[in-house]
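J.: Here's a sequence, model it:
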Amino acid sequence: KDFGRIATQTAKQVILQKLHEAERDSTFSALSDKEGELMECTVRKLDDKNVYVELGDKKIEGVMLPQDQSPAERYTVGEKLKVFVKRVKNSGRNSQILVSRTSPGLVRKLFEEQVRLHPDKCAVASSKESFTYAQLNERANRIANSLIEKGVGREKIVGVVLERCCDFYAVRQGILKAGGAFAVAAPDYPDDRVQFIFEDAGAPFIITTREIQKERQELLSKLSGTVLLLEELLENPNAENPDTGIQEHDLCYCIYTSGSTGKPKGVMIEHINLANFVNPDPKNAETYGYVSRGSVSLSMAAMTFDVSILEEFVPLTNGLTAVIASEEEINNPIILGDLIIKNKVDIMTTTPTYLSNIIDLPQLKDAMSQIRVFDIGAEAFPPALYEKICSVNPDAYIMNGYGPTETTISCTMKVITDSQKITIGVPNGNVSVFIVDKENHILPDGETGELVIAGLGVGRGYVNLPEKTAAAFIELNGERAYKTGDLAKETGSKGSS
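T.: Just a heads-up that it's a prediction; the model follows:
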């Protein structure tokens with residue numbers, strides 16, 4: 001149907017309503033009024049979940065929003081379509097447009113939904129302990145309600161200094177439930193590095209354990225923030241989900257990079273960035289590959305790195321089980337193999353170097369053959385690694401991910417099916433990639449230039465570094481974007497770079 005020139009808000013409502021009412025393969029169009037945002041828009045309903053949009057000269061597939069959300073979590077009809085159309089307008093070539101499963105970017109809601117669906121399922125395990133979804137949520141709530149009582153809320157960064165354990169996840173989930181954001185320092189970091197991170201972040205509180213407090217007493221006494229003991233936070237009698245007014249652009253976490261060229265930079269990521277990353281829609285290829293082919297994932301990344309956030313939040317927001325390897329297990333492949341077999345691990349996120357060093361070990365043959373999904377990143381993928389993986393499991397699903405910390409863990413992914421055509425793949429959902437020249441002009445396919453990432457994966461910027469933020473985080477093609485500094489070119493093969 002042609003709705004003609006009708007009021008923009010009405011057009012949005014009508015279009016979204018028609019999308020849900022229309023039969024499959026039906027097409028309709030609308031025009032906005034001269035002050036509206038819609039322009040001429042033709043929409044074709046492919047099935048109950050997918051739509052095909054033509055907006056000017058752009059033709060982009062997208063995903064419709066479900067109507068079965070609770071009233072408290074529902075966008076208004078107009079807001080839903082406004083978000084969708086804006087993303088279509090600003091998208092780059094070969095983009096894939098998704099809309100979050102939940103109300104504006106709230107990952108804690110996604111976790112709590114899995115608690116409701118799978119209360120007795122194992123959420124997280126280690127060689128020493130395990131928690132069901134209900135138990136993990138209860139511990140996170142006790143921590144969250146303790147923090148709320150102490151004044152933690154939106155935009156407050158809470159420091160974390162813990163050894164690898166299941167309660168690490170309870171602490172990070174609890175901080176988000178309280179409305180705060182987390183920043184992690186490793187227990188073995190030098191004093192000056194820990195001090196810099198928490199002072200730079202302005203953390204009013206630092207969570208640790210009695211054991212670490214005793215070992216690092218001199219360091220902790222130097223910090224301006226108040227030290228909170230995990231053991232005491234867990235004593236809070238209130239284990240109910242807190243009701244905090246978190247918004248999609250509130251701060252979620254802060255990762256301090258290595259600082260190889262000077263002092264570490266704190267990268268700020270918002271709730272909407274992480275909520276978009278963990279969306280398991282098929283067009284969000286890395287997360288979909290992670291959750292659709294396995295059920296138990298291995299957590300090995302340092303808790304100070306953003307890959308550890310993938311290893312925590314992708315499983316916990318999608319009903320999987322995460323198994324945390326200890327430092328001893330990570331450094332001793334033989335006992336790591338025992339952990340994998342005992343817990344039926346079938347998803348592994350790792351670097352090419354680490355995997356190359358262990359995959360040939362005869363003692364790990366059974367463990368490696370059990371892995372169905374290899375999510376590999378942080379380094380260039382060596383062609384020889386593909387053959388090694390296939391030799392232990394010919395049916396393995398191999399993903400090569402790419403992404404700076406500034407773009408929320410990973411922003412592109414390529415499924416590796418041979419050793420000859422290795423690229424960084426195509427963008428995640430709601431993420432666009434551009435190749436630009438020195439003046440930030442977009443280059444055509446096939447030309448080499450700087451890789452720029454745009455869309456919902458792009459974080460807020462750097463803590464207390466406005467000049468560096470302004471230089472690296474720009475607006476490109478109507479979207480917030482991040483200049484990676486990496487050279488790339490689009491191959492023209494379904495948007496692969």
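J.: quick one: low-confidence parts of the stretch 51-200 of the chain?
T.: Within the stretch 51-200 of the chain, the ranges that satisfy pLDDT under 70 run 51-105.
J.: where do the strands sit along it?
T.: Under the criterion DSSP state E, counting those that start in this stretch, the stretch 51-200 of the chain contains strands at 58-63, 122-125, 130-132, 157-160, 181-184.
J.: Quick check: neighbours of the last one in the sheet, parallel or antiparallel?
T.: Looking at strand 181-184 with DSSP bridges, its paired strands and their directions are strand 157-160 (parallel), strand 251-256 (parallel).
J.: Might you calculate how far it sits from the centre of the chain?
T.: Put simply, strand 181-184 sits 15 Å off its chain's centre (Cα atoms, centre = their mean, to the nearest Å).
J.: close enough to count as contact, Asp445 and Phe434?
T.: No: Asp445 lies out of contact with Phe434 (Cβ atoms under 8 Å); the separation is 11.1 Å. Heads up, the C-betas are built off the backbone N, CA and C, glycines and all.
J.: between those two, who's got more neighbours?
T.: Ranked by neighbour count (other Cβ atoms under 10 Å), Asp445 and Phe434 place Phe434 first, with 24 against 14.
J.: beta partners of the nearest residue to the more buried one once chain neighbours are set aside?
T.: Closest residue in space to Phe434, ignoring its immediate chain neighbours: Val452 at 4.6 Å, by Cβ to Cβ, 6 or more residues apart in numbering. Going by DSSP bridges, Val452 is paired in beta bridges with Phe434, Lys483.
J.: and Glu329, how many neighbours?
T.: 22.
J.: which SS class is it?
T.: Three-state assignment for Glu329 (DSSP: H, G, I helix; E, B strand; the rest coil): helix.
J.: contacting residues around it?
T.: Ser127, Ile335, Leu336, Leu339 (Cβ atoms under 8 Å, 6 or more residues apart in numbering).
J.: and the third one, how many neighbours does it have?
T.: Which is Leu336. Leu336 has 22 nearby residues by other Cβ under 10 Å.
J.: ok, it to Ala144 distance?
T.: The gap separating Leu336 from Ala144 is 32 Å, by Cβ to Cβ, to the nearest Å.
J.: Okay, helices next: where are they in the stretch 201-350 of the chain?
T.: Counting by DSSP state H, counting those that start in this stretch, the stretch 201-350 of the chain has helices at residues 210-215, 217-222, 230-233, 271-277, 285-292, 307-316, 327-331, 333-342.
J.: An error on my part: the question was meant for the stretch 51-200 of the chain.
T.: Under the criterion DSSP H, counting those that start in this stretch, the stretch 51-200 of the chain contains helices at 77-90, 107-117, 133-149, 167-177, 191-201.
J.: coming back round to it: for the residue nearest to Phe434, give me its contacts.
T.: By Cβ under 8 Å, 6+ apart, the contact list for Val452 reads Val433, Phe434, Ile435, Val436, Asn440, Ile474, Leu476, Ala481, Tyr482, Lys483, Thr484.
J.: From those residues, pick the one nearest Val291.
T.: Val291 lies nearest to Val433 out of those, by Cβ to Cβ, at 23.1 Å.
J.: Lys414: which element?
T.: In the assignment (DSSP states H and E), Lys414 maps to strand 412-415.
J.: Just give me how far stretch 144-163 sits from the chain centre.
T.: The chain centre lies 21 Å from the centre of stretch 144-163; the measure is Cα atoms, centre = their mean.
J.: Also stretch 330-339?
T.: Centroid separation for stretch 330-339 versus its chain: 27 Å, with Cα atoms, centre = their mean.
J.: tell me which residues of that stretch are tucked away?
T.: If you call a residue buried by 16 or more other Cβ atoms under 10 Å, then stretch 330-339 has these buried ones: Ile330, Pro333, Ile335, Leu336, Gly337, Asp338, Leu339.
J.: Now do Glu248, the pLDDT please.
T.: On the pLDDT scale, Glu248 is placed at 88.
J.: Please disregard the earlier target; I meant Asp418.
T.: What the model reports for Asp418 is a pLDDT of 88.
J.: Not counting its neighbours along the chain, what's nearest it?
T.: Once flanking residues are discounted, Asp418 sits nearest to Tyr386: 6.9 Å by Cβ to Cβ, 6+ apart.
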